[in-house]
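Asker: Any chance you can model this:
(one chain, ligands or ions: 2)
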Amino acid sequence: MLRQMEHCLFISDCHLCDSRPQITQAFNAFLENTAAHAQALYILGDLFEYWAGDDSIAAGQYQTVIQALKNLSASGVKVFFLKGNRDFLVGDGFENATGVTILPDPTLVTLYGKRVLLSHGDALCTDDVAYQQFRNEVRSPAWQAQFLSQPLSKRIAYIEELRTKSEHAKSIKSMQIMDVNAAVIAAILRNYAYPPLFIHGHTHRPQKHLHELDGNKCERWVLGDWYEQGSYLSLSAAGCVAHQLHD
Ligand code: LP5
Ligand code: MN
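Answerer: Numbers count the residues shown, from 1 in each chain. Ligands and ions are numbered 1, 2, ... in the order given. Below you'll find the model as predicted:
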């Protein structure tokens with residue numbers, strides 16, 4: 001095999017779920033065959049269809065994924081995780097079981113001499129006022145403590161009900177409302193002193209956007225979801241490349 005340049009990988013929105021075993025298999029194979037050759041893997045949120053709390057590990061949910069992440073981090077690949085709107089309840093128990101490090105959203109890292117801003121992306125969608133109100137509520141520590149104090153089965157039933165409400169809400173929102181807000185993108189790029197790379201997911205609209213702001217250039221890479229086919233972004237000293245996984 002050709003020796004690859006040193007590189008890091010980025011994924012998001014896999015929406016892994018025990019009832020879709022083929023995506024889980026593709027994800028585990030990606031960790032074993034592709035991510036194993038990287039210096040680091042950054043998972044930018046919504047790895048899981050939903051995460052009801054770290055006690056779902058002991059209950060046997062997502063068992064093969066937890067093991068595959070543990071194997072990857074034990075092999076020396078650094079694995080990082082930013083919380084998505086589906087899995088913001090991931091906590092210490094997940095870190096301990098997998099060896100993955102949770103990073104705040106957003107996070108600025110320097111890779112191969114370039115500053116790279118990372119986010120899940122849901123906080124950028126400020127035109128979606130109903131979602132942002134909901135987000136503020138469920139991201140509060142008090143709300144989370146109260147939610148996590150309930151039995152796992154009750155939390156899962158709650159989430160199923162919420163999913164139905166969310167799907168209905170989305171069906172009557174425009175695509176524009178559910179996209180990132182241009183002024184928020186400009187503000188975050190200014191705030192982080194114009195990072196040349198910004199990588200996020202959430203909108204499931206994979207694309208490379210070029211921003212010119214106050215005389216500075218920024219590439220904004222939006223990651224794709226894994227519903228139909230797995231995909232990932234690689235970054236080396238030569239720049240970013242988007243990849244699709246093939247069966
Ligand atoms: O996830 P996606 O991309 O399909 O949609 C998001 C927004 N929806 C959500 C909700 C999640 O999908 C639900 C699953 C997450 C479980 C997390 C676990 C812990 C929480 C448990 C809470 C009980 O994030 C969607 C956005 C869309 O992205 C695009 O950006 O539009 O937002 C909504 O649809 C939210 C609604 O607009 C407002 C919320 C209505 C429900 C309020 C009642 C809350 C209590 C219900 C529980 C019985
Ligand atoms: Mn999301």
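
Asker: Not counting sequence-adjacent ones, nearest residue to the residue most central in space within the chain?
Answerer: Closest residue to the average C-alpha location of the chain: Gly45 at 1.9 Å, with CA atoms, centre = their mean. Excluding the flanking residues, the one nearest Gly45 by CB to CB, 6 or more residues apart in numbering is Gly84, at 2.6 Å. To be clear about C-beta, it is placed using only N, CA and C from the backbone, and glycine gets the same treatment.

Asker: Can you verify my assumption that that neighbour contacts Asp13?
Answerer: Yes. Counting by CB atoms under 8 Å, Gly84 does reach Asp13; the two are 7.3 Å apart.

Asker: so where do the strands sit in this structure?
Answerer: 7-11, 40-43, 78-82, 101-103, 107-111, 114-119, 197-200, 207-213, 216-222, 231-236, 239-244 (DSSP state E).

Asker: Return the residues of this structure in contact with ligand 1.
Answerer: Proximity of the chain to ligand 1, by CB under 6 Å from any ligand atom, involves residues 50, 85-86, 89, 122, 125, 128, 130-131, 134, 138, 158-159, 161-163, 165-166, 169-170, 173, 178.

Asker: Pull out the buried residues from those.
Answerer: Neighbour counting over the residues of the chain next to ligand 1 (16 or more other CB atoms under 10 Å) leaves 50, 85-86, 89, 122, 125, 128, 131, 134, 159, 178 as the buried ones.

Asker: ok, which stretches of this structure are helices?
Answerer: Shown for the chain, the helices assigned by DSSP state H span residues 21-33, 55-58, 63-74, 92-98, 129-138, 141-148, 152-171, 182-191.

Asker: Take those helices and lay them out in a markdown table including mean pLDDT.
Answerer: Below are these laid out as a markdown table (pLDDT from 0 to 100):
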| stretch | mean pLDDT |
| --- | --- |
| helix 21-33 | 97 |
| helix 55-58 | 97 |
| helix 63-74 | 98 |
| helix 92-98 | 98 |
| helix 129-138 | 98 |
| helix 141-148 | 98 |
| helix 152-171 | 97 |
| helix 182-191 | 98 |
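
Asker: Can I get the ones you listed in JSON lines including distance to Ala238?
Answerer: Output for the helices of the chain, formatted as JSON lines (distance: least, CB to CB, whole Å):
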{"stretch": "helix 21-33", "distance to Ala238": "21"}
{"stretch": "helix 55-58", "distance to Ala238": "38"}
{"stretch": "helix 63-74", "distance to Ala238": "24"}
{"stretch": "helix 92-98", "distance to Ala238": "30"}
{"stretch": "helix 129-138", "distance to Ala238": "36"}
{"stretch": "helix 141-148", "distance to Ala238": "41"}
{"stretch": "helix 152-171", "distance to Ala238": "38"}
{"stretch": "helix 182-191", "distance to Ala238": "23"}
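
Asker: check contacts around the closest residue to Ile159 other than its chain neighbours.
Answerer: Spatial nearest neighbour of Ile159, excluding adjacent residues (CB to CB, 6+ apart): Tyr50 at 5.1 Å. Tyr50 makes contact with 17, 86-87, 159, 163, according to CB atoms under 8 Å, 6 or more residues apart in numbering.

Asker: Out of those residues, the closest to His204 would be?
Answerer: Minimum distance to His204 across those is 12.1 Å, recorded for Arg86 (CB to CB).

Asker: so the closest one touches Asp46, yeah?
Answerer: Yes. Using CB under 8 Å, Arg86 is in contact with Asp46, at 4.5 Å.
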